[in-house]
Structure formats: C-alpha cells, structure tokens
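> Provide a 3D model corresponding to the input given below.
(one chain, ligands or ions: 1)
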Amino acid sequence: MTSDPRPALLRAALAAAECGWPVFPLRPGDKRPTGHRDADCPRTGRCTDAHQTPEQRATTDRALIERCWQHAPYNIGIATGPANLVVIDLDLPKDDTDTPPAEWAQPGVYDGADVLALLAERHGQPMPVNTRTVQTRRGGLHLYFTAPPGKTLRSSGGRIGWKVDVRAWGGYVVGPHSTVGGRPYTVLNPRLPAPLPAWLGDLIAPPAAPRPTARTVLERRVVHANAYTARALRGELEKVLSAGEGGRNRAVYMAAFSLARFVASGDLSEQAVAEALTDAGCATGLPAGECRTAIRSGLTRGSQRAAGRPAATTAGGASNGRRPKAALLGSDPQQPTIPVTTGSRSAA
Ligand SMILES: [Zn+2]
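Have a look, this model is predicted:
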C-alpha cells in the first residue's frame with residue numbers, strides 16, 4: 001500500500017484557497033471535474049435552481065475544502081476566472097507528427113514555450129517567465145499571472161499561438177500536487193503571480209477597433225498603385241477577405257509574405273501593406289493584434305526571400321537554431337529542464 005495521498009492534496013487545496021484562489025475537486029488521478037455534466041444535470045441538490053458549473057462551485061471556504069478532500073484523494077482544480085488569474089498553458093507536441101503549422105514553423109520552435117518566446121520577441125518584449133510556474137505532468141508549463149483590472153479575459157485554446165492555451169474565465173487549471181497518470185504537477189517557481197504583461201492581455205483580448213467592411217477595404221486600399229501592383233494587392237486582399245475562420249491568420253501572414261517583394265521593389269510602402277492587411281484581417285473578424293503579428297512575421301520572412309536569403313529565423317540566435325530553454329526556468333540551475341525530445345512521451 002502506498003501512503004494516503006489525501007493529507008497532501010488537502011494541504012495543497014488549502015494553500016491555493018489561502019491565496020484567494022477558489023478550488024474544486026477533480027476526479028482522483030484525473031483532470032476532469034467530479035460530478036455531472038450540464039447535459040446530465042438532475043436539477044436537484046446544489047443544482048435545484050440551475051446547474052452549477054465547477055467555476056461556480058469553486059470555493060475558498062476552509063471547512064468545505066477540508067470536508068471534501070478528507071472524503072477522497074481528489075485532484076485540485078483552480079477556477080482561474082474567480083481566482084483573478086490568467087494562466088498561460090504551454091503544451092508540448094503530442095508526438096513526432098504534431099509539428100507547428102506554417103505560421104509557427106521556424107527553426108527552434110518545437111512546443112508552446114518556443115511559440116510564447118517567439119510571440120514575446122515579435123512584440124519586442126522579454127519572455128514573461130518571472131512568475132509562478134507549475135510544471136504539468138507531461139512537462140508543459142503553467143505560467144500564472146494576475147488578471148488585468150477592468151478586463152474580463154476568457155479561456156481559449158491555441159488562439160494566440162500553437163500549443164499556447166489561455167486559462168481564465170470559463171476554464172481552470174490542474175493545481176500543483178495533483179497527480180494524473182501517476183505523474184505530478186509540481187511548482188517550478190513558487191513566487192507570487194506577476195501581473196499579466198499588457199502585450200499578452202492585448203493579444204488575448206485585443207482592444208476593440210471598428211470593423212471595416214470588405215468593400216471599403218478594397219476601395220480604400222487599392223487606389224494608389226500601378227496597375228500590376230494594384231492587381232497583386234487586390235488579389236491578396238481578396239484572399240484574406242475570403243478566408244474562413246480557421247485560416248484567417250495564415251491568410252494574412254501569406255499575403256504579407258507575398259507582398260513583401262513589392263515593398264522590397266519600392267512599389268508599395270511597408271506601412272501601406274500593413275495598413276491594408278490589418279484592414280482586411282479586421283474585416284474578417286481577426287483581432288488587430290493578431291493581424292499585426294502575422295503581418296510583421298510575413299513581411300520579415302517575405303523580405304528575406306526577396307533579398308535572396310534563405311528564410312532564416314529572426315529568433316533564437318543559438319547556433320543550432322534551438323531556443324535556449326534554460327531561460328524559461330529562471331536562474332536556478334538546479335531546476336529541471338523542459339524535455340524537448342519527443343520519443344519518450346507516452347499518450348495523454
Ligand atoms: Zn447540475
């Protein structure tokens with residue numbers, strides 16, 4: 001018999017609650033909440049009036065937590081929204097075939113941490129690692145931040161980048177000392193959560209901008225160019241405007257990549273291309289911040305191609321193209337490194 005895991009889990013649940021983070025029980029050894037789903041709700045007990053989601057059930061009440069975790073070795077769900085937390089969840093690829101899509105396919109980009117580093121670099125910001133960090137059971141990272149005042153950020157999966165999930169309102173994280181598949185979630189950096197960097201907040205919930213229509217985009221943007229350039233610009237704008245929801249970011253990136261040669265030849269200004277593509281991207285509903293990031297990235301890569309250079313990464317700088325992972329883990333050399341090999345990973 002192994003020792004009773006309940007006291008340690010109870011202590012961890014109480015520790016989270018003492019930080020003001022409401023917790024709720026997850027099934028023992030599992031990431032899923034206890035209890036029934038909305039679809040199976042009996043509308044009795046705590047759900048008499050309406051189904052109570054885990055986010056609504058989550059509590060910081062010491063007595064309730066003690067009663068719950070004395071009952072069974074539940075894992076710990078931290079309700080990020082009510083906890084005023086935004087957790088950036090940096091995942092690892094599932095297997096060797098799980099490789100970054102075109103927008104993120106650069107030397108040195110292997111996982112969510114690399115994508116966040118690339119995003120930080122594109123925004124001219126340091127990698128936001130000086131904050132509470134929890135290592136997930138597969139070796140991914142949870143970076144904890146306090147939510148910006150006056151902004152309600154929602155959870156999302158992969159929207160700001162490949163393998164980068166956001167856990168905020170409508171989501172939760174598995175707290176440290178929970179164990180899934182026999183492997184624990186552990187605290188790598190115990191400091192208090194830092195405030196969410198503003199650029200990340202803008203990326204998660206871009207400031208609202210008026211949405212131009214597809215027609216005004218074309219009318220406004222294709223007037224001041226020679227016929228050949230205008231045709232190319234119109235063609236790229238139309239591709240962006242007709243992109244489906246899943247392909248908008250890539251369409252903007254590809255358009256910028258393609259139009260970079262007109263910037264290189266002096267037929268279009270970089271500003272004109274950026275403004276036109278931002279307009280077009282926003283007209284499809286893509287947030288302006290995402291447009292700008294895709295445009296910057298596409299223009300950079302496209303101009304490298306136009307100059308006849310191989311499309312080298314602008315990122316990293318390590319001679320093997322790999323981003324130094326140690327930077328992620330702060331200055332403590334004793335901290336474990338993030339596994340980057342894909343061979344040893346078992347299924348989720
Ligand atoms: Zn219910």
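> Distance-wise, check Val129 relative to the ion.
39 Å (Cβ to the ion, to the nearest Å). C-beta here means a position set from N, CA and C on the backbone, and glycine is covered the same way.
> Quick check: residues of the stretch 1-150 of the chain near the ion?
41, 47, 51 (Cβ under 5 Å from the ion).
> make it 8 Å
Contact residues, the stretch 1-150 of the chain versus the ion (Cβ under 8 Å from the ion): 35-36, 38, 40-43, 46-47, 50-52.
> for those residues, which one is nearest Ile76?
Gly35 (14.9 Å; Cβ to Cβ).
> would you turn the residues of the stretch 1-150 of the chain next to the ion into TSV with secondary structure and pLDDT?
Below are those laid out as TSV (DSSP: H, G, I helix; E, B strand; the rest coil; pLDDT from 0 to 100):
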residue	secondary structure	pLDDT
Gly35	coil	90
His36	coil	90
Asp38	helix	88
Asp40	helix	91
Cys41	coil	92
Pro42	coil	92
Arg43	coil	91
Arg46	helix	88
Cys47	helix	91
Ala50	coil	90
His51	coil	92
Gln52	coil	92
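> Just give the nearest non-adjacent residue to Val164, would you?
Gly112 (4.8 Å; Cβ to Cβ, 6 or more residues apart in numbering).
> Distance check, Arg215 against Leu233.
15 Å (Cβ to Cβ, to the nearest Å).
> who's more crowded, these two?
Set side by side, Arg215 and Leu233 show more neighbours around Leu233, with 25 against 10, by other Cβ atoms under 10 Å.
> Could you measure from the more buried one over to the ion?
Distance from Leu233 to the ion, by Cβ to the ion: 54 Å.
> With Gly201 instead?
In terms of Cβ to the ion, Gly201 sits 33 Å off from the ion.
> May I have the residues that are in contact with the closest residue to that residue other than its chain neighbours?
Nearest residue to Gly201, sequence neighbours excluded (Cβ to Cβ, 6+ apart): Pro148, at 4.8 Å. Shown in contact with Pro148 (Cβ atoms under 8 Å, 6 or more residues apart in numbering): 86, 195-196, 198, 201.
> which residues of the stretch 51-200 of the chain fall in strands?
75-79, 85-90, 133-135, 141-146, 156-161, 164-167, 172-174, 179-180, 183-184, 186-189, 194-195 (DSSP state E, counting those that start in this stretch).
> got any ranges where the protein has weak pLDDT?
Low-confidence segments of the chain (pLDDT under 70): 1-2, 209-214, 217-225, 309-348.
> Give me the most central residue, it.
Val164 (3.0 Å; Cα atoms, centre = their mean).
> Wait, it touches Leu118, no?
No - between Val164 and Leu118 there is no contact, the gap being 10.0 Å when judged by Cβ atoms under 8 Å.
> Report the inter-axis angle for the longest helix anywhere in the chain versus strand 156-161.
Counting by DSSP state H, the longest helix found in the chain is helix 288-306. Calculated by axes from the mean of the first three to the mean of the last three Cα atoms, to 10 degrees, helix 288-306 forms an angle of 50 degrees with strand 156-161.
> Can you point out the buried residues in stretch 239-258?
Of all the residues in stretch 239-258, those buried under the rule 16 or more other Cβ atoms under 10 Å are 239-241, 243, 248-258.
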